[in-house]
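Enquirer: Here is the input, now give the coordinates:
(2 chains)
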There are 2 protein chains.
Amino acid sequence: MSGTLYGVGVGPGDPELMTVKAWRLISTAKVIAYLAAHGSDSTARAIAKPFLPDDAREIAIDMPMRTEREPAQAAYDAGAVEIASHLAKGDDVVMLCEGDPFFYGSFMYVFERLSAQFSCVVVPGVVSPVACAAELGQPLCKRDDVLKVLPATLDAGRLRDELMTCQAAAIIKVGRHFGKVKQVLSALDLITRATAVTKATQAEQSIQPVEDIADDALPYFTTIIVRT
Amino acid sequence: MSGTLYGVGVGPGDPELMTVKAWRLISTAKVIAYLAAHGSDSTARAIAKPFLPDDAREIAIDMPMRTEREPAQAAYDAGAVEIASHLAKGDDVVMLCEGDPFFYGSFMYVFERLSAQFSCVVVPGVVSPVACAAELGQPLCKRDDVLKVLPATLDAGRLRDELMTCQAAAIIKVGRHFGKVKQVLSALDLITRATAVTKATQAEQSIQPVEDIADDALPYFTTIIVRT
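Expert: Okay, here's the model as predicted:
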């Protein structure tokens, strides 16, 4: 009897914002897996750290920080093989995922490699747009509002069109695209309605009105919340 | 010293899908508030029930089920007065909110009445689109996808335009608008890519491919997940 792969959302950063189910699965896990960006710690592991059992076996999937896709695919392949070896022995594996596993998460690359062969259960988590709204003390969407989640990688024209037809937006993965996003928000006269939140609910959280930011780049894990 | 109003997301339905922070605040609360639709129980209270202290004082905000706005506004007014009386005495009040308080939640009507006068803290929760994706075992969005949350109340033309320009959508509050939504999905040739989830993660959860549903209406708390 094979084990089950659990993709577990650990939420946006504050360890208390993981679900009771995530806490239960993590605190009783025998095998824990997570992505580790090459040369740095895993954010998902850092969030789960207060609840990690001392004696859990850990699988760190070492992810090269390069733009080419092949090295990342090779890392997922190798990680999936290691996870599969535990599942095949009958052990469950808990994979830690920032936010929610199926919301712009890397878990899906492991899931697509293993879900045909093994039982997989996804435990949803708190996603960054609602964590940002809570930290801002500002409702995100109500009644018949349209909410859009827009990657900052979209071109300026597309960003403009999408922002013109919604009541609320979360622009994610801002990073080096901030200059473009800021120009689009200015052109739409929305810049005073936009706030940048970096590492929401984490110790290093920063909150800034977009109009006050002079830089052309922000950290990758920045979300801009706009109410139009 | 006044108390703090906590707007606490209890998640989509499974009590284990509330956060550890929600569980801590609820299980130690002296005063609990929630909306109760006239003549029926509160879903948020039902989700939190396993964790409610026996001796908590409960404030049920009795919400008339009518389409006019005035009776609802009067109910929020009365509820806010009762909550304020506890806050003014220095007691914290925990308001239970299905899903997330600031994601299409009724908490904002209480928040807008009390946040100028009292300290308010929002505890974000797991929202229905990611809960549905987890139950479907199907990633919701990845990489540079655009995700839209679209109320089913939008007119057919607007729904069509929004669906044509995204990779993933969660159509919420489906209810009596199902016939229209189904027509739009058919016209876009997306009907085989759409699944209706009612009461995700609750005991009465139902999951159905949209193309298999003959009815013209579904329960209000139905979300349709579409990958385009």
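
Enquirer: what's the single longest helix in chain A?
Expert: The longest helix of chain A (DSSP state H) is helix A:69-88.

Enquirer: Does anything pack onto that helix? Which helices or strands?
Expert: Helix A:69-88 sits against strand A:4-9, strand A:31-37, strand A:57-63, strand A:93-97, helix A:107-114, with contacts defined as 3 or more C-beta pairs under 8 Å, 6 or more residues apart in numbering or on different chains; DSSP states H and E. Bear in mind the C-beta positions are built from the backbone N, C-alpha and C, glycine included.

Enquirer: Tell me which of the ones you listed lies nearest to chain B.
Expert: Evaluated over the helices and strands packed on helix A:69-88, closeness to chain B peaks at helix A:107-114, with 4.3 Å, by C-beta to the nearest C-beta.

Enquirer: Strand partners (parallel or antiparallel) of the helix or strand just after the closest one?
Expert: Remark: after helix A:107-114, the chain's next helix or strand is strand A:119-123, criterion DSSP states H and E. Partners of strand A:119-123 in the sheet, by DSSP bridges, are strand A:4-9 (parallel).

Enquirer: Could you check how far the strand it pairs with is from the centre of its chain?
Expert: Distance, stretch centre to chain centre, for strand A:4-9: 15 Å (C-alpha atoms, centre = their mean, to the nearest Å).

Enquirer: follow-up on the earlier one: present the helices and strands packed on helix A:69-88 as TSV; the columns should include distance to residue B:176.
Expert: Shown next, in TSV, are the helices and strands packed on helix A:69-88 (distance: least, C-beta to C-beta, whole Å):
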stretch	distance to residue B:176
strand A:4-9	32
strand A:31-37	44
strand A:57-63	46
strand A:93-97	36
helix A:107-114	34
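
Enquirer: Mean pLDDT for the ones you listed - can I get that in TSV?
Expert: TSV is the format used below for those (pLDDT from 0 to 100):
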stretch	mean pLDDT
strand A:4-9	98
strand A:31-37	93
strand A:57-63	93
strand A:93-97	98
helix A:107-114	97
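
Enquirer: quick one on the thing from earlier: outside of the longest helix of chain A itself, list whatever touches it.
Expert: Helix A:69-88 has contacts (C-beta atoms under 8 Å, 6 or more residues apart in numbering or on different chains) with A:2-5, A:31, A:33, A:35, A:57, A:59, A:61-64, A:66, A:93, A:95, A:109-110, A:113-114, A:117-118.

Enquirer: low-confidence ranges in chain A?
Expert: Across chain A, the ranges flagged by pLDDT under 70 are A:38-39, A:67.

Enquirer: Residue A:149 falls within a helix, correct?
Expert: No - with DSSP: H, G, I helix; E, B strand; the rest coil as the criterion, residue A:149 is strand rather than part of a helix.

Enquirer: Could you check how far it is from residue A:33?
Expert: 26 Å (C-beta to C-beta, to the nearest Å).

Enquirer: wait, what's in contact with the residue of chain A positioned farthest from its centre?
Expert: Distance from the centre of chain A peaks at residue A:1, with 31.9 Å (C-alpha atoms, centre = their mean). By C-beta under 8 Å, 6+ apart, the residues touching residue A:1 are residue A:90.

Enquirer: Wait, residue A:104 touches residue B:143, no?
Expert: Yes - between residue A:104 and residue B:143 there is a contact at 7.4 Å, judged by C-beta atoms under 8 Å.
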